[in-house]
Structure formats: structure tokens, C-alpha cells
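> Structure of the sequence below:
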Amino acid sequence: MKRILFIFITVLITIKVGAQSSTLAVADSLYTFGNYSKAIKVYQAQENSSYTNTQIAKAYKALGNSKKAIINYEKALKLDSLNTLVLYDYGRLLYTTGKFKKSLGIFEKLKAKDTLNPNFHYQIGSVKEALGEETFIQSYRAAFQLDPQHQKSIYKLIKNYLEQQEFENAAGLMRLGLVNNSEDVKIIGYRAQLYYAKKESRNALLWFEKLINRKKATRYVYEKAAFSAYRVGQILKAINYYEQALKRDKGNYYYHSQLAKLYYQDGIVEKAEHHASQAILGKMTDPSGDYYILGMVHFDRKEFKKAMKLFNMALEENPDYELAQFRLAQVADNYYSDSKAKQKMYERFLKKFPKAKIEIKKIVNTRIRELKEEIHLKTE
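Okay, the predicted model is just below:
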């Protein structure tokens, strides 16, 4: 009789365990295919365990409910406090929800369990950086030393070296990072920034264009590529990249200002006029350069009265604008009929800018002599 009872109980337990396993398989399937809310209900109906609580936490996390995910991770850890995978997921969730001190404690616990795991050191670095602790860089360095292919640590170290202007150290890590992955967009971007910071414009342009060609360019990349192109005399390329930057930030009046200068330099006067006008409408802190460009547009059109007004506006914004003062004298030379009035405008320039550029002073002094001769001849 006892033997029959034992067999009966064993069969019941087997049926129950089998039923639970079958139900868990259903819950796991629901979770795998993203049916998270239904999966949670099935897991909750099962026996309380570290596994079911972990799966419920992961499902809530996938649904975007961080609060309930944290509660269930904590339930799982009460039942199995040394589960590395659960601790890691829990620590990451604490970090992403801004609970940095608690997260740091979890990753320090994981590091104590396995000091040779580079990712634990990296996560500690991330949390310490978020907390503003100065030792964060040491954790990234430890992760990199344990695994020279840990790209995320390489990014962090490169960024730190660039900020500290330790360019040689940054360059060495960039070379290693590109050996690990020659297509790494982030390191390509850092390489471009390195050359830009060192004012090696040709190399900077080359590396910014690697990002542009890969369709990975941001507004920042187009802006820096444009300036680098301008620095090496590629005006049309600079115009194109500033236009691309402007498409991504239509309210950026700095780009309008730069385009005004470049279009004028390239002889595309109508577009120079448009962009200079847009920059002025944007009420930049110093629109003197844009007034100057508009002044030059009207000067070239021989609209001397308008040009004079614009050069005066440039000087009102920036009284030390040497070139605007010089152009004002030249406009007066073309607009005024009185030679003495013309002469006074040139003399005013020399008085205001006694240390003007030699080329400009030569033009001004020559023109003053010619005007004095004209006045003398008229007097005779």
C-alpha cells in the first residue's frame, strides 16, 4: 500500500513539474517574440523563483517600465544574490535610470567576483564618469589593458586624450582602434577632430569626408569639413558643406554669414547678397562682416550711395574694422565730386589706422598724392 502511495505521489509531482516546464516554455516563447505583457502574466502564475522574477523584470524593461523592472530584479536577487547575469542587467538598468551610486555598488561587487573581466571595469568607469569622480579614466584604462580590442574603452580614452590635448597618445589609440575595425565611424570621427585641433586642414578634410562618403555626417561634421576646405582653398567644396550644414540647422545664421563671404569670394554675387541679408536678419552679435559683404555687392554694382551706407553700418557695429574704413574711402572717391572731400576720407583712414596693412597704406598714400595734385592743378 505504501509503495502504491509513493508511486502515486511521484507521478503527481512529475505531472506538476512537466506542466510547469510546459507553461514556462510558453512564457519564454511569448517573451522571445515580444508579447511582453502576456509573458508577464504567465510568469506571474508560476512558482516564485529567481528565473521567473528575472524574466518578468526583463519584460518590464522591454516595455519601458523601469520601476517595475527594478522591483523584480531585486526579487530575483533575494532568491539568488550571486547570479552574475542578473546583477549585470540590474546594474545596467540602475545606471540608465540615473541611480548611479547604487549601480556603482553592483558593478564593484561584480568586479570583486571577476577582476579580469574588462567590461566590469568599463561599466565602473561609466558610472564614475556620470558621478563626476576623477578616477573614472583609470577604470577605462584597466578595461583597455585587460582587452586591447575593447573599443568602447578606446573611445573613452581617445576622448580624454583629445580634451587634455595629448595628441600623440590619442593618435596611437586611434591607430589601434582602426586596426581592430577599419570601418569604425567613431574613431574615424575622432581622427578628423585630431587633425582639426592640430590645424592640419588637409588631413582633417580627408577624414571628415570619410564620414560624409559613408553617409554618417552630422551638422558638426559638415561645418568642420567646410572650414577645413576653406583653409586649403577649396571654396566650392566649402560652400557645398556649409549648405549641407545649413540644411540641418536652418536657423544657424553663422552659416549664412560664412556662405555670404564664400559666395562673394567666388563671384556669385546674388547668393552672397541673400546669405548676408539672412545673417543680418538673424541679429548676430557682430553683423559687421555681413554689412561689409553687402557693401561690396553694391560697390561692385556701382551703387555707391547704398554701399556707403552699408560700410558705415559695418563700422558702427565694429569701429576697428580696417577693411570697411578703407572701402568707405574708396566709395567716397567714386561718389564724391569734390577732391578735397575724397582726400579727407583717405586721411581719416590713415589717422584711424596708422598701423594698417602695408599694401593698403601704399594704395591710400598714392591716392592722396594724386588728389593733392588734382587740387593743385585746379587751383592754378
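> quick one, what contacts V297?
Taking C-beta atoms under 8 Å, 6 or more residues apart in numbering as the criterion, V297 is in contact with Y264, V269, A272, E273, A276. The way it works is simple: take the backbone N, C-alpha and C, and place the C-beta from them, glycine included.
> again with K357
Taking C-beta under 8 Å, 6+ apart, one finds E322 in contact with K357.
> and what of K101?
If a contact means C-beta under 8 Å, 6+ apart, then K101 has L131 as its contacts.
> ok, the contacts of V297 vs G172, which is closest?
Nearest to G172 among the contacts of V297, counting by C-beta to C-beta, is Y264 at 42.8 Å.
> ok, that closest one - contacts?
A272, A276, I293, M296, V297.
> can you do 7 Å?
Residues near Y264 by C-beta atoms under 7 Å, 6 or more residues apart in numbering: A272, I293, M296, V297.
> Following the chain onward from the lowest-mean-pLDDT helix or strand in the chain, which element is next?
In the chain, no helix or strand scores lower on mean pLDDT, DSSP states H and E than helix 2-32, which sits at a mean of 60. Following helix 2-32 in sequence order, the next helix or strand is helix 36-44 (DSSP states H and E).
> what does that next one rub up against?
Helix 36-44 is contacted by residues T23, V26, A27, L30, Y31, T52, Q55, I56, A59, A62, L63 when judged by C-beta under 7 Å, 6+ apart.
> still on that earlier bit, please identify which pair of the contacts of Y264 lies farthest apart.
Farthest pair in the contacts of Y264 (C-beta to C-beta) is A272 and M296. Separation: 8.2 Å.
> of all the contacts of helix 36-44, which comes closest to K156?
Using C-beta to C-beta, the contacts of helix 36-44 come closest to K156 at A62, 27.6 Å.
> before we move on, back to that, buried ones among the contacts of helix 36-44?
A27, L30, Y31, T52, Q55, I56, A59 (16 or more other C-beta atoms under 10 Å).
> Export those as TSV, with columns for distance to P354.
Shown next, in TSV, are the buried ones among the contacts of helix 36-44 (distance: C-beta to C-beta, whole Å):
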residue	distance to P354
A27	86
L30	84
Y31	80
T52	86
Q55	81
I56	81
A59	78
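> Can you tell me which of these is closest to Y254?
Of these, the one sitting nearest to Y254 (C-beta to C-beta) turns out to be A59, at 47.6 Å.
> Next, give phi and psi for the closest one.
When read as degrees, to the nearest 10, the backbone of A59 gives phi -70, psi -40.
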